[in-house]
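Student: Following is a predicted model, sequence given first.
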Amino acid sequence: MRSLPFSVGSCSPVNLTTPKSKFLAKNEAKTAIKQSSNKQKISPSPIEQLTKNPKVFLKRREAVSFGLCLGLADVLLQLPQPSPGAAVEASTAPCEFTVSPSGLAFCDKVVGKGPEAVKGQLIKAHYVGRLESGKVFDSSYNRGKPLTFRVGVGEVIKGWDQGILGGDGVPPMLAGGKRTLRLPPELGYGMRGAGCRGGSCIIPPDSVLLFDVEFIGKA
């Protein structure tokens, strides 16, 4: 007789637990949910935190904004600062000249907003005079006083009268304007030059002259 897995009269290892009712299962499920909720508290989401305690959010936002401002200020302080000579270099920056039929060349660096000069009017103007080599031979800024003269009546060289009053393809300057003039010798000091003494001249004969003119306005 073959041996059986279990001897006669013994019980088989079957799960003899009594099936539970649906009602009991539901109650145990509820109990398990309560126990899990007691053990692990679910923290509210960030949006819920903002809704429940907006003051905390505002304080945090203000702190972040303040930190960003400090960071931006620190970055700006670390940026390279312009050197003191930057303004001077900008004022002496080259510009494109327009040449009139008379040979006078001009370049407007700043177009004024005031009235234009009238022939025979007493006006004031600051200037810096340079040779083509770049050497400065005269400057009203260094003297601290603008030049006062009657424009258009021959009190100054021809290139000045035309360069400020306009004409022959040159627009008139307006008060407050800044213009660079390039004068050929015939509109400047010509063959004689200027400031000559002992065989040397401050402005040599037949010199092309450059003037940075600032038309201040009526004197």
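Tutor: Nice, thanks for sending it over. Numbering: from 1, shown residues only.

Student: check contacts around residue 161.
Tutor: 151-154 (Cβ atoms under 8 Å, 6 or more residues apart in numbering). (Each C-beta comes from the backbone N, C-alpha and C, glycine too.)

Student: Buried residues, the host helix or strand of it. List them.
Tutor: For residue 161, the host element (DSSP states H and E) is helix 158-165. Under the neighbour-count criterion of 16 or more other Cβ atoms under 10 Å, helix 158-165 has 159-165 buried.

Student: ok so, going back, now that we have the contacts of residue 161, which one has the most neighbours?
Tutor: Greatest neighbour count in the contacts of residue 161, by other Cβ atoms under 10 Å, goes to residue 151: 22 neighbours.

Student: so what's it up against?
Tutor: So residue 151 contacts 117-121, 123, 160-161, 164-165 (Cβ under 8 Å, 6+ apart).

Student: From these, pick the one nearest residue 208.
Tutor: residue 160 (14.6 Å; Cβ to Cβ).

Student: Now for that closest one: which residues touch it?
Tutor: Shown in contact with residue 160 (Cβ under 8 Å, 6+ apart): 151, 181, 211, 213.

Student: likewise residue 157?
Tutor: 183, 187-189.

Student: Repeat the analysis, applying 6 Å as the threshold.
Tutor: When the contact criterion is Cβ atoms under 6 Å, 6 or more residues apart in numbering, the partners of residue 157 are residue 188.

Student: One more: residue 136?
Tutor: residue 130.

Student: Could you tell me how far it is located from residue 127?
Tutor: 11 Å (Cβ to Cβ, to the nearest Å).

Student: In stretch 104-112, which residues are buried?
Tutor: Here stretch 104-112 shows 104-106, 109, 112 as buried, counting by 16+ other Cβ under 10 Å.

Student: Let me have the residues you listed in a markdown table, adding distance to residue 200, pLDDT and secondary structure as columns.
Tutor: As requested, those are exported to a markdown table (distance: Cβ to Cβ, whole Å; pLDDT from 0 to 100; DSSP: H, G, I helix; E, B strand; the rest coil):
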| residue | distance to residue 200 | pLDDT | secondary structure |
| --- | --- | --- | --- |
| 104 | 27 | 98 | coil |
| 105 | 27 | 98 | strand |
| 106 | 30 | 98 | strand |
| 109 | 32 | 96 | strand |
| 112 | 38 | 97 | coil |
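
Student: Could I get the contacting residues of residue 121?
Tutor: Residue 121 touches residue 151, counting by Cβ under 6 Å, 6+ apart.

Student: What ranges does this protein have for its strands?
Tutor: 98-99, 105-110, 122-131, 136-139, 147-150, 178-183, 194-197, 200-203, 209-218 (DSSP state E).

Student: would you turn those strands into CSV with distance to residue 169?
Tutor: Shown next, in CSV, are those (distance: least, Cβ to Cβ, whole Å):
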stretch, distance to residue 169
strand 98-99, 8
strand 105-110, 9
strand 122-131, 21
strand 136-139, 27
strand 147-150, 23
strand 178-183, 13
strand 194-197, 26
strand 200-203, 25
strand 209-218, 17
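
Student: So which of those is nearest residue 172?
Tutor: The nearest among the strands of the chain, by Cβ to Cβ, is strand 209-218 at 9.3 Å.

Student: got a list of contacts for that closest one?
Tutor: With Cβ under 6 Å, 6+ apart, strand 209-218 has contacts from 114, 123-130, 146, 173, 175, 177-183, 188.
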